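next come a sequence and a model predicted from it.
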Amino acid sequence: MKPKTIIEPFKIKSVEPIKFTTREEREKLLIEAGYNPFLLRGDDVLIDLLTDSGTSAMSSKQWAGIMNGDEAYAGSKSYYRFEEAVNKITQMEHIIPTHQGRAAEKILFSIVGGEGKYFPNNTHFDTTRANIEFSGAVAEDLLTEVGKHPEERADFKGNMDVEKLEKFIKQKGVENIPLCMITVTNNSGGGQPVSMQNIREVKKVCEKYSIPLFLDACRFAENAYFIKLREKGYENKSVLEIAQEMFSYADGATMSAKKDALVNIGGFLAMNDDELAMQCSNLLIVTEGFPTYGGLAGRDLEAVAQGLEEVVDEHYLEYRIKSVEYLGNKIVDAGVPIIEPPGGHAIYIDAKRFLPNIAPDKYPGQAIVCELYLEGGVRAVEIGSVMFGKYDEKGKLIPAMMELVRLAIPRRVYTQSHIDYLIEIIIEVYKNRDKLNGYEITYEAPMLRHFTAKFKPLS
Ligand code: P71
């Protein structure tokens, strides 16, 4: 018999206490933070779901790797271990370490970007978009239609619309599209996976026009596991084989190792093109460091290498994907509206349906985020009009497309009982939703306002 209970596939060797606070204390702390959980001290948070990036718990073998790190400036042994581990998965010619994902993006788009250039993606993550736009180029999202409907269930809502891609290439001109990207899983669209068939079809179009295909690979293992679960023909393949096939269609990749390499810092750029790799390495030397450490310490490279071996373990991925799904399904059963189906690294609450009486200009997502903290010391992030809202010439808010609250689950950090606690808190907030009020912004920075904005509750 296969037991129904999925257990954490690890024992705990080192623990970090979490701090309990009372509701009265949290009310005071939230006022001091201007009702913006970004401005809380991490220590005042009981369950921190701000991000799954850089928040993983490392294994004993990763910590052992930290002690084994070779800090030679050039040609460090740890670099070669790192290169081998990345190569095993990506099978790419050139592996360039960077200190995190956006550093890889910055280098890549400084070289291939610029005025008049266009970069299609299923959905660009914020930092990718920012690096493309900073270079003067245009970032275009070509997500499949079903991916834009939170309440619709489909297996691969992260897919790119292949027809739109071909149209886009014809419209903008092949010579103006230095590369095409696919983000696996699609973070901005709810952590939804991309199918192998879609990657293959995108590759076919790219090949027809000789456009290189790059993967934004930070959650490649979660994507590969979804393919194993959901796509015909992959049920008996290993996650490593599936990942290798995903990368086999790509000419290059950027990766933030802070996600699926299970580390607290790190990233890389990988590619097959010799000339482009040479240019990237040269820029790396100016901005990050020598090509055998790229802004990291030797010990960090060891931890990435070990993490990449551990992340394709199917017991780990089963626990990972099932615990996010468990959280999603339990709150859906209680009526809480989320992006369906649950994603790989996070649950996205649909604040528009959760609080239909609070208009986007009164920030319903922020209301939920604040109440989650007050009710249970849980920190989540608004991904809606606080993050993406813009103003028209008259100063009126142009709301974001969706009003979401992201609950991102750090890897290997929380157990089933933490998740059960979380479910209880979310359902309690949902039951009391009629008592929630909207918010107004009392301070905002001219750019990326969500990080530092201050709010006032409306009564
Ligand atoms: C996430 C993050 C981390 C983050 C970044 C910026 C603002 C808030 C939080 C980072 C990603 C990502 C994808 C698909 C590239 C990066 C950048 N995500 N691509 O979701 O999800 O990586 O942070 O290592 O520079 O919380 P980097």
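Arrived safely. Numbers count the residues shown, from 1 in each chain.

ok, Ser110 - how many residues close by?
By other C-beta atoms under 10 Å, 17 other residues sit near Ser110. C-beta coordinates here come from the backbone N, C-alpha and C atoms, glycine included.

hmm, it is touching Asn282, no?
No. With contact defined as C-beta atoms under 8 Å, Ser110 and Asn282 do not form a contacting pair (10.9 Å).

and Glu318, what does it touch?
Ile6, Pro9, Tyr225 (C-beta atoms under 8 Å, 6 or more residues apart in numbering).

enumerate the positions of the helix or strand that contains Tyr430 that are buried.
Using DSSP states H and E, Tyr430 falls within helix 416-431. For helix 416-431, a neighbour-count test (16 or more other C-beta atoms under 10 Å) marks His418, Ile419, Tyr421, Leu422, Ile423, Ile425, Ile426, Ile427, Val429, Tyr430 as buried.

same check on stretch 345-361?
Residues 345-352, 354-355, 358, 360-361 are the ones in stretch 345-361 that count as buried (16+ other C-beta under 10 Å).

rewinding a little: the contacts of Glu318 in strands, which ones?
In strands, defined here by DSSP state E, there are no members of the contacts of Glu318.

let's see which of those residues end up in helices.
Tyr225 (DSSP state H).

and the contacts of Glu318, which is closest to the ligand?
Distance to the ligand across the contacts of Glu318 (C-beta to the nearest ligand atom) is lowest for Tyr225, with 16.6 Å.

run a quick neighbour tally on that closest one.
By other C-beta under 10 Å, 26 other residues sit near Tyr225.

what helix or strand is the residue nearest to it when sequence neighbours are not counted on?
Residue nearest to Tyr225 in three dimensions, not counting chain neighbours: Leu317, with 4.1 Å by C-beta to C-beta, 6 or more residues apart in numbering. According to DSSP H and E, Leu317 maps onto helix 314-333.

list the buried residues of that helix.
Burial within helix 314-333, assessed by neighbour count using 16+ other C-beta under 10 Å, is assigned to 316-321, 323-331.

could you do stretch 279-296 as well?
The neighbour-count check on stretch 279-296 (16+ other C-beta under 10 Å) flags 279-281, 283-284, 288-296 as buried.

can you narrow those residues to ones near the ligand?
Residues of those in contact with the ligand (C-beta under 6 Å from any ligand atom): none.

closest residue of the chain to the ligand?
Gly101 (2.6 Å).

what sits against the nearest residue to that residue once chain neighbours are set aside?
Take Gly101 and drop its neighbours on the chain: the residue closest to it by C-beta to C-beta, 6+ apart is Ser256, 2.7 Å away. Each residue near Ser256 by C-beta under 8 Å, 6+ apart is listed here: Ser53, Gln100, Gly101, Arg102, Ala104, Cys218, Gly266, Gly267.
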